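Asks: Show me how the following folds:
(2 chains)
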Amino acid sequence: MVDAARGLTIAVPKGRLFSEVGELFARAGCSLGVAEEPRRLVWEHEGRRFLLAKPVDIPVYVRYGVADVGIVGKDVLLEAGEDVYELLDLGIGACRLVVAGRKEGRGRTYREVSPQALRVATKYPRVAREFFASRGLYPDVIALSGSIELAPVVGLADLIVDIVATGRTLRENGLEEYETIAPVTARLIANRASLRLKDEAIAALTACLESALPVRLPGPEG
Amino acid sequence: MGEVARFSVPVGFGDLLPEEVRRRERVERELLGRFSAWGYLPFVPSAVEEAKAMRALGVDEAQAFTLIGPRGELLYLRPDGTLPVVRFLKNLLPHLADVPVRLMYAIDVFRRTNGGGERATWRQVGLELVGLSPPWGEVEVLALAEEALSLSGRRFRVAIGHARFFPYLLEVLGVSGGKAASLHAALRERDWVRFRREAQLLDPGAREILARFLSWRGGPASVFDRLVREGPWGADLPPPVGELKAVAEHLDRIGRGGALYVDLPMLPKHAYYSGIVVEGFVAGTGVPLLVGGRYDSLLTQEGKRGLPALGFAVDAGLLASLLPPPPSPPVVRILFTQERFSEAFREAEEVRRTGRVAVLEPLRDVAGASVAASSVPAGLGVAESVEVRVLS
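Replies: This next block holds a predicted model:
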């Protein structure tokens, strides 16, 4: 089965997900061939080619067919809105996309948090706009690329939309989680053309990874 | 020297340089030549359409490029080839009795982008076949799709699905209302994780069938066999699949079915597709090279049966980019002085009669010596073989 998954180009994410992806692939019997995150960005192992990319770029590599499949968090997919197939929930990299703000704001409505124009800082401007629009709110969305927690602390924004795993960074900065927008886990995604032209290899990889998932995820969420 | 003013073009647009134009023209000639051999007539639809007509036909308004007309009316740049052809044919409906109409086109189409570097214009070479019902319309159009994709010289697959299959399956499974809408949405967004989760909320029978549904993809024979074994309909395939099966069998009989890939979870790109949907994929490209389908519902007239119609369009720019540049014709560069211009002109005519390109260039007098102007401007490409003749 694993042999059948040869010939694929697989985009794997740099950073916090990399080691979990490596463990999952090893359990599935199709090792990445590297013990830790390598410096080189492209390598081959057992007939499969791996690309190492920033998570935010992985849907782009897959959409354009440079990679046949890729692994990326649901948060990135929600923000990117790229035209790719989402094949499998890998159950790893679990966290959640949340709205958070200063501790003293907890329990107040968003309008009470800022009666004037609400300002939201985030790495996920599209997700933030869509979420608040679904509540009838149209805040000023400030796009930042890191350390989002700083924004409410220094008064740049009233709220943040960000991913949270344990909530420790929020607490250490006097912030609290107000609301969950969506639970986040890593997904196996596929290119539209590859799904037709390399269907057997992709089906084999999907089946291998599915058999190695850490837990069977229940429920309709996600 | 003062700074040269630079002007750019809007995001999503660009210029085509000579070599790209030559590549694309060759692809267009090849495609249109094949289509015309099947009886397709050339057609150039209007570049600008009335928004109300396009809306009535189901254009995706979010993607439409809008203009304001001289009377303040909203206009759209043509978003594809099909809808303008339908608009044209709709006016002729009373006269389109039984004769199939075959039209082909090579046009630029325009769609709004999000500005992320995506193209806003494509060159589409397409065809529309009006008046043939399944399976014969499909057989003709898919045989032509195969011819078009084979021009790439690469491995390709023609994915076929059916717009009515998934609604039919949900009806058989008794799934309707909000649950059906959620499943549709997940499938349209290609989010199979959400699709499976939505299916989990249904009764065990429906859940099991929908879990298999996502894998009803592959070669025609194997998919149709699996449908008989795994579907809730026994040995009689559902009508939409029966239609696809008949088409696949006819194509197989004429040796044109080798690249067919039945893909039942594939939903139509446009809401107006009412039958077969087609996407053509070529190795090494991440996006479909060819998209089409049957749209019988568009060519209807009040109180009368609609005309069967289907077609497809090829992304000619993408196809051209997969091919090597066409060979350049040999060029003879004739350099002349004022006194010998007539002679140079006659020589150029002689060269052109032999099928070669002749370029006439006056020699410039620089510091008492005759010199030639420099070669072709940078970036425009040069001919592969250049012979220089000097008449001085």
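Asks: can you list the residues of chain A near chain B?
Replies: With CB under 8 Å from any CB of the partner chain as the criterion, chain A comes near chain B at residues A:62-66, A:83-89, A:187, A:191-194, A:196-197, A:199, A:203, A:219-222. Just so you know, the C-beta spots here come from the backbone N, C-alpha and C atoms, and that holds for glycine as well.
Asks: Swap in 6 Å and give it another go.
Replies: A:64, A:65, A:85, A:86, A:87, A:89, A:191, A:193, A:196, A:197, A:220 (CB under 6 Å from any CB of the partner chain).
Asks: ok, of those, which one's closest to chain B?
Replies: residue A:65 (2.1 Å; CB to the nearest CB).
Asks: from the residues of chain A next to chain B, which ones fall inside helices?
Replies: Of the residues of chain A next to chain B, the ones assigned to helices by DSSP state H are A:193, A:196, A:197.
Asks: Mind putting those residues into TSV with pLDDT and neighbour count?
Replies: As requested, these are arranged in TSV below (pLDDT from 0 to 100; neighbours: other CB atoms under 10 Å in any protein chain shown):
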residue	pLDDT	neighbour count
A:193	97	25
A:196	96	23
A:197	96	23
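Asks: any idea which of the residues of chain A next to chain B has the most stuff around it?
Replies: residue A:191 (29 neighbours; other CB atoms under 10 Å in any protein chain shown).
Asks: which residues touch that residue?
Replies: Listed by CB atoms under 6 Å, 6 or more residues apart in numbering or on different chains, the contact set of residue A:191 reads A:62, A:65, A:68, B:286.
Asks: which two in the residues you listed are spaced the farthest apart?
Replies: Farthest-apart pair in the contacts of residue A:191 is A:68 and B:286; separation 9.0 Å (CB to CB).
Asks: on that earlier part again, what about the contacts of residue A:191, which are in helices?
Replies: Counted as lying in helices by DSSP H, out of the contacts of residue A:191, are residue A:62.
Asks: Now flag whichever of the contacts of residue A:191 is closest to residue B:40.
Replies: The nearest member of the contacts of residue A:191 to residue B:40, counting by CB to CB, is residue B:286 at 29.1 Å.
Asks: tell me, what residue is most central in chain A?
Replies: Taking CA atoms, centre = their mean, the centroid of chain A lies closest to residue A:73, which sits 1.9 Å from it.
Asks: How many neighbouring residues does residue A:92 have?
Replies: When neighbours are defined as other CB under 10 Å, residue A:92 has 19 of them.
Asks: and it, how far is that from residue A:192?
Replies: 24 Å (CB to CB, to the nearest Å).
Asks: just residue B:256 next, same as before
Replies: For residue B:256, the distance to residue A:192 - CB to CB - is 23 Å.
Asks: What of residue A:23?
Replies: Residue A:23 is 29 Å from residue A:192, by CB to CB.
Asks: Comparing the two, which shows the higher neighbour count?
Replies: residue A:192 (22 against 15).
Asks: Would you map the strands across chain A?
Replies: Taking DSSP state E as the criterion, chain A carries its strands at A:9-13, A:42-45, A:48-53, A:69-73, A:85-89, A:95-102, A:119-122, A:140-143, A:159-164, A:175-184, A:186-190.
Asks: contacting residues around the fourth one?
Replies: Looking back up the chat, that one is strand A:69-73. Contacts of strand A:69-73 with the rest of the structure, by CB under 6 Å, 6+ apart, involve A:10-13, A:21, A:55, A:58, A:62, A:93, A:184, A:186, A:188-190.
Asks: which parts of the lengthiest helix in chain A are buried?
Replies: Using DSSP H to define each element, chain A has its longest helix at helix A:199-211. Residues of helix A:199-211 classed as buried: A:199, A:201, A:202, A:203, A:204, A:205, A:206, A:207, A:208, A:209, A:210 (neighbour count, 16 or more other CB atoms under 10 Å in any protein chain shown).
Asks: Write out the residues of chain B neighbouring chain A.
Replies: By CB under 6 Å from any CB, the residues of chain B that approach chain A are B:157, B:159, B:190, B:191, B:192, B:193, B:197, B:201, B:261, B:281, B:283, B:286.
Asks: Make TSV from these and add secondary structure and distance to residue B:170 to it.
Replies: Conversion of the residues of chain B next to chain A to TSV gives the following (DSSP: H, G, I helix; E, B strand; the rest coil; distance: CB to CB, whole Å):
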residue	secondary structure	distance to residue B:170
B:157	strand	27
B:159	strand	21
B:190	coil	18
B:191	strand	17
B:192	helix	16
B:193	helix	19
B:197	helix	16
B:201	coil	14
B:261	strand	23
B:281	strand	27
B:283	coil	34
B:286	coil	30
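Asks: Considering those residues, which is situated nearest to chain A?
Replies: Minimum distance to chain A across the residues of chain B next to chain A is 2.1 Å, recorded for residue B:286 (CB to the nearest CB).
Asks: residue contacts, that closest one?
Replies: Per CB under 6 Å, 6+ apart, neighbours of residue B:286: A:64, A:65, A:191, A:193.
Asks: Out of those, which two sit at the greatest distance?
Replies: A:64 and A:193 (9.9 Å).
Asks: Can you find the helix or strand in chain A with the smallest mean pLDDT?
Replies: Least confident helix or strand of chain A, by mean pLDDT, DSSP states H and E, is helix A:110-113 with a mean of 75.
Asks: Could you export that one as CSV, CA atoms only?
Replies: This file holds the C-alpha atoms of helix A:110-113, laid out as CSV (Å, rounded to 0.1, in the frame of the first residue of the first chain):
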residue,chain,number,x,y,z
TYR,A,110,-18.3,43.0,21.4
ARG,A,111,-20.2,46.3,21.1
GLU,A,112,-19.6,47.0,24.9
VAL,A,113,-15.9,46.2,24.4
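Asks: Going by contacts, tell me the helices and strands next to it.
Replies: Here helix A:110-113 touches no other helix or strand, going by 3 or more CB pairs under 6 Å, 6 or more residues apart in numbering or on different chains; DSSP states H and E.
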